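S.K.: Here is the input, now give the coordinates:
(4 chains)
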Number of protein chains: 2
Amino acid sequence: MATIKDVAKLAGVALSTASLALGEGGRVSPATRQKVLEAARELNYQKNGFAMDLKRSQTRTIALILSDLSGPYFSELIQSVQDFALSRGYDLIACSSVGGQDSTAVKFLREKRVDGAIVLAHNVSNEVLQESAREGFPIVVLDRVVLGDYLINVLVDGEQGGYEATKYLIEQGHRRIAYISGPVNSYDNIQRYSGYQRALSEHALQELKKWNVIGHFTQEGGFQATKMLILQGDLPEAIFYANDEMALGGMKALAESGIRIPEQVSVIGYDDIFQSQYVQPSLTTIRQPKYEAGSMAAHLLFQALEGQFVNKSYKFSVELVERNSCAPSLVRK
Amino acid sequence: MATIKDVAKLAGVALSTASLALGEGGRVSPATRQKVLEAARELNYQKNGFAMDLKRSQTRTIALILSDLSGPYFSELIQSVQDFALSRGYDLIACSSVGGQDSTAVKFLREKRVDGAIVLAHNVSNEVLQESAREGFPIVVLDRVVLGDYLINVLVDGEQGGYEATKYLIEQGHRRIAYISGPVNSYDNIQRYSGYQRALSEHALQELKKWNVIGHFTQEGGFQATKMLILQGDLPEAIFYANDEMALGGMKALAESGIRIPEQVSVIGYDDIFQSQYVQPSLTTIRQPKYEAGSMAAHLLFQALEGQFVNKSYKFSVELVERNSCAPSLVRK
DNA sequence: CTGTTAGCGCTTTCAC
DNA sequence: GTGAAAGCGCTAACAG
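M.R.: Presented below is the predicted three-dimensional model:
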């Protein structure tokens, strides 16, 4: 592969001159530049990115680290971060943390292959984050609280969301409310669940173990969990799915069993993913300010990159969007 | 930031010994390794990725280049490529080509920041692809035919798909079939459209200009295009949306106007994205072998990376999945 | 088993 | 305006 050295030789100039000519604002005579450019074209020269990064010790690239590149939830987030990064002349790459500590994501973090990162990946440990963040390498974490220098937290109030969702159901007259859970140790799930519990206890309602089923935050998981609920034979009046994907799967399971939503059971989700407005009936859910959170994350990251002072923690609140999957309870006592 | 030099100094060993100790299979005494590891931990040393890549002149990372990181269509593709890459000990990053020639994607391609790439991004030009691909840097292109050394094409037969979709509609007795188009110069759109035309002409059907509306491959675009169709006052019997996202938008527009699917109008999509089975009515569509194509792309890329001979071009065929958005025409002559 | 040394390809002073 | 030279942080011969 042709290097700048080859180009310089072919153009009959020094290496440094070639570098200058190839770069932006170099002080080189037009004639020289011409020669160099021609040589470069002839050799099909293309700059080696690492060498440049190594020398400059910065990449003008940030990474967005996600537990799963392909989830529907992430779309808006990616969009907002990308918009922002582009507008600041930075590049964005997305890395997945599938594989945990051996993942691409962790490698990029540890080896500083980018200038900074935004992380929304439950399977990247706090330790990795804390060890990786440092002067010149800020990290914004979106899904939990991690303390440390050069670590910034942008949160969405999941406890509030879980509370609001449950309260809404209660106010519609429901008393028997199931909770379909995400992974039990996921920060998001814990938050939402604790909101659910608070709402129940504030209204002196009992939580039933059999109505707490794990759905892993996936559509398939929601489907299975709901099947289980149905098989138990004692259907709740309302189901709170800890995310929309599970709710979608659950609605499918309900439909397959001929159970009508919202007449026979009310369903509420969480996240407000794109599809939620398109299902039948459209899904009442808790809207996460995903775009806003992404923008904020990017904004803070760039501030930190520029050495400006930034607050270490931000919290967004959440709002209920009422659609057609919930209906007031008919008193059936 | 601590470098390996600092670590070596603190541990009281030579630079190369430190490197060896930090690496995998180094022949260093356990005692030395211990010392080095300790020093590294103390200094919170983390390896500089570029330096390593530069030295090794390979990254064990491949890039997946997409025109839009956030589309639902890409999920399965990402998944399959990622599975494959991981199984081969490679890392995967995703880059967006938003920004065209100035995008992150093009930069990564040009500057060889990865070992190879899989490209599904209509806005990356053939020239860039041809100039970038070279010995040791193979590129697999998924959405068009680009010729060149170290360029591999994996295609899905869009013409056939367009043909099948249209023929299906015709066989159900429909004669007045609209085509909601993607971007007119998109390779995919051109293919599908030409299949549509072939089916029409084989059945001696006339194509009507007013029933060819551009929907840009987006949900919103499909929505708008359908609104236009409705406003024209002369509704077709069936609508072929050149992708599912547009069909989803279109179904929403139809529903808003109180037009029943499939009773009043049959709707067929293209791609079989995840949501299509969840809309009401579920969407009849053309299934793209996305997972298979992704696996194949990854497979070929690795073969090329390993210097094995690979065929330059593969083509998948496509299949119709019948759901509930189409119904036989009631003869209304 | 450990240390010395020579670069990987590039940018960037600093003289000329 | 141009060239020589240093060095970014690391790996990998090659000696010892």
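S.K.: I'd like to know the phi and psi angles of the closest residue to A:Lys315 other than its chain neighbours, please.
M.R.: Spatial nearest neighbour of A:Lys315, excluding adjacent residues (Cβ to Cβ, 6 or more residues apart in numbering or on different chains): A:Leu155 at 4.7 Å. From N, CA and C alone the C-beta is placed, and that goes for glycine too. Backbone geometry at A:Leu155, expressed as degrees, to the nearest 10, gives phi -120, psi 160.
S.K.: can you check A:Gln34 too?
M.R.: Main-chain torsions, A:Gln34, degrees, to the nearest 10: phi -50, psi -50.
S.K.: for A:Thr285, same thing?
M.R.: Per-residue torsions, A:Thr285: phi -160, psi 180 (degrees, to the nearest 10).
S.K.: For the closest residue in space to it that isn't next to it in sequence, grab phi and psi.
M.R.: Spatial nearest neighbour of A:Thr285, excluding adjacent residues (Cβ to Cβ, 6+ apart): A:Gly269 at 3.9 Å. Backbone torsions for A:Gly269, taken as degrees, to the nearest 10, come to phi -110, psi -160.
S.K.: you'd agree A:Gly269 is up against A:Gln288?
M.R.: No. Because the distance of 10.9 Å does not satisfy Cβ atoms under 8 Å, A:Gly269 is recorded as not touching A:Gln288.
S.K.: Please say which of these two ends up with more neighbours.
M.R.: Comparing A:Gly269 with A:Gln288 by other Cβ atoms under 10 Å in any protein chain shown, the one with more neighbours is A:Gly269, at 30 against 25.
S.K.: can you pull the contacts of that one?
M.R.: Each residue near A:Gly269 by Cβ atoms under 8 Å, 6 or more residues apart in numbering or on different chains is listed here: A:241, A:243-244, A:246-248, A:276, A:283-286, A:325.
S.K.: Return the member of the residues you listed nearest to B:Val140.
M.R.: B:Val140 lies nearest to A:Leu248 out of the contacts of A:Gly269, by Cβ to Cβ, at 32.6 Å.
S.K.: Name the helix or strand for that closest one, please.
M.R.: Assessed by DSSP states H and E, A:Leu248 sits inside helix A:244-256.
S.K.: Contacts for that helix next, please.
M.R.: Helix A:244-256 is contacted by residues A:71-73, A:180, A:182, A:215-227, A:230, A:239, A:241, A:261, A:265, A:267-273, A:275-276, A:279, A:283, A:285, A:325, B:278 when judged by Cβ under 8 Å, 6+ apart.
S.K.: which residues touch the helix or strand just after it?
M.R.: Using DSSP H and E, the helix or strand that follows helix A:244-256 in sequence is strand A:266-268. For strand A:266-268, the surrounding residues in contact (Cβ under 8 Å, 6+ apart) are A:165, A:168-169, A:172, A:174, A:237-241, A:247, A:250-251, A:254, A:261, A:283-286, A:325-327, A:329.
S.K.: my guess is A:Leu43 contacts A:Ala8, does it?
M.R.: No. Using Cβ under 8 Å, A:Leu43 is not in contact with A:Ala8; the gap is 10.6 Å.
S.K.: Give me the more crowded residue out of the two.
M.R.: A:Ala8 (21 against 17).
S.K.: Would you mind confirming that the more buried one is in contact with A:Ala21?
M.R.: No. A:Ala8 lies out of contact with A:Ala21 (Cβ under 8 Å); the separation is 9.1 Å.
S.K.: joint contacts of those two?
M.R.: The contact lists of A:Ala8 and A:Ala21 share A:Val36, where a contact means Cβ under 8 Å, 6+ apart.
S.K.: Looking at the stretch 151-300 of chain A, which residue is nearest DNA strand C?
M.R.: When distances are taken as Cβ to the nearest atom of the strand, the stretch 151-300 of chain A reaches nearest to DNA strand C at A:Ala298, 24.9 Å away.
S.K.: Spell out which residues of the stretch 101-250 of chain A are next to chain B.
M.R.: Contact residues (Cβ under 8 Å from any Cβ of the partner chain) of the stretch 101-250 of chain A with chain B: A:103-104, A:107-108, A:110-113, A:131-132, A:134-136, A:219, A:248.
S.K.: between these, which is closest to DNA strand D?
M.R.: A:Glu111 (8.4 Å).
S.K.: Does that closest one touch B:Gln46 like I think?
M.R.: Yes. Between A:Glu111 and B:Gln46 there is a contact under Cβ under 8 Å: 6.6 Å.
S.K.: Determine the angle, from 0 to 180 degrees, between the least confident helix or strand in chain A by mean pLDDT and helix B:74-87.
M.R.: In chain A, the helix or strand scored least confidently by mean pLDDT, DSSP states H and E is helix A:75-87, which has a mean of 88. Interaxial angle of helix A:75-87 relative to helix B:74-87 (axes from the mean of the first three to the mean of the last three Cα atoms, to 10 degrees): 80 degrees.
S.K.: For the residue nearest to A:Thr285, give me the pLDDT.
M.R.: With respect to pLDDT, A:Gly269 scores 98.
S.K.: how close does it sit to chain B?
M.R.: 13 Å (Cβ to the nearest Cβ, to the nearest Å).
S.K.: Count the residues that sit near the closest residue to A:Gln191 other than its chain neighbours.
M.R.: In this structure, A:Gln191 finds its nearest non-sequential neighbour in A:Gly158, 2.9 Å apart by Cβ to Cβ, 6+ apart. Per other Cβ under 10 Å, the neighbour tally for A:Gly158 reads 24.
S.K.: tell me the contacts of A:Gly158?
M.R.: Contacts of A:Gly158 (Cβ under 8 Å, 6+ apart): A:187-188, A:190-192, A:195, A:318.
S.K.: Swap in 6 Å and give it another go.
M.R.: A:188, A:191-192 (Cβ atoms under 6 Å, 6 or more residues apart in numbering or on different chains).
S.K.: beta partners of the residue of the stretch 151-300 of chain A at minimum distance from DNA strand D?
M.R.: Here the residue of the stretch 151-300 of chain A nearest DNA strand D is A:Leu151; by Cβ to the nearest atom of the strand that distance is 21.9 Å. A:Leu151 has the following beta-bridge partners by DSSP bridges: A:Ile139.
S.K.: measure A:Glu292 to A:Val310 for me?
M.R.: Separation of A:Glu292 from A:Val310 (Cβ to Cβ, to the nearest Å): 17 Å.
S.K.: the more surrounded of the two?
M.R.: Remark: of A:Glu292 and A:Val310, A:Val310 carries more neighbours, 18 against 15, as counted by other Cβ under 10 Å.
S.K.: Quick check: which element contains the more buried one?
M.R.: Following DSSP H and E, there is no helix or strand that holds A:Val310.
S.K.: I figured it hits A:Phe302, correct?
M.R.: No. A:Val310 lies out of contact with A:Phe302 (Cβ atoms under 6 Å); the separation is 9.6 Å.
S.K.: Distance of the residue of the stretch 51-200 of chain A found nearest DNA strand D relative to DNA strand C?
M.R.: Closest residue of the stretch 51-200 of chain A to DNA strand D, Cβ to the nearest atom of the strand: A:Lys55 (3.8 Å). Taking Cβ to the nearest atom of the strand, to the nearest Å as the measure, A:Lys55 falls 4 Å from DNA strand C.
S.K.: can you count the residues close to that residue?
M.R.: If you count neighbours by other Cβ under 10 Å, A:Lys55 ends up with 10.
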